[in-house]
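> sequence and predicted structure, then a few things I'm wondering about:
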Amino acid sequence: MTTPVEPPVPPPGRPGRKLGPIADSVGSAHRAWLVPMREKYISSGLTLSDLSVLVRLAKSKLSELLRGTGLYPRWEVVSSLS
């Protein structure tokens, strides 16, 4: 009698898609604070859903902010995210 083989369990990680790259159009001043902010987000282990609850901003807007796309956010948004 053979025993059924269990499929390997993937290591735990973030659910959902990976954060996209920083847009090519991002200027140096914007990139200067965006890179450390993205690094902190990635190392935090939070998902965009978690961050959305903490910052009270839609996941789509957070994604735009962390990729440097869309309109430049108001300082209150950046301050709450930091």
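Nice, thanks for sending it over.
> helix or strand right after the helix or strand encompassing residue 35?
Using DSSP states H and E, the element containing residue 35 is helix 28-44. Helices and strands here follow DSSP H and E; after helix 28-44, the next one along the chain is helix 48-55.
> residues in contact with residue 52?
Residues in contact with residue 52, defined by CB atoms under 8 Å, 6 or more residues apart in numbering, are 58, 59, 62. The way it works is simple: take the backbone N, C-alpha and C, and place the C-beta from them, glycine included.
> how near is residue 18 to residue 31?
Residue 18 is 19 Å from residue 31, where distance means CB to CB, to the nearest Å.
> ok, those two, which is more surrounded?
Applying other CB atoms under 10 Å to residue 18 and residue 31 shows that residue 31 carries more neighbours, namely 14 against 8.
> isn't that one up against residue 68?
Yes - contact between residue 31 and residue 68 holds when scored by CB atoms under 8 Å: they sit 7.3 Å apart.
> quick check: residue 49 touching residue 59?
Yes - with the criterion set as CB under 8 Å, residue 49 and residue 59 qualify as a contacting pair; they are 6.3 Å apart.
> could you check which of these two is surrounded by more residues?
The neighbour comparison of residue 49 against residue 59 (other CB under 10 Å) goes to residue 59, with 15 against 12.
> can you give me the distance of the more buried one to residue 66?
Relative to residue 66, residue 59 is positioned 10 Å away (CB to CB).
> and if you look at residue 77?
12 Å.
> so between those two, which is more surrounded?
Using other CB under 10 Å as the criterion, residue 77 and residue 66 rank with residue 66 on top: 19 against 16.
> can you give me the buried ones in the host helix or strand of that one?
Secondary structure here is read from DSSP H and E; on that basis residue 66 sits in helix 59-67. By neighbour count, with 16 or more other CB atoms under 10 Å as the criterion, the buried positions of helix 59-67 are 61, 62, 63, 64, 65, 66, 67.
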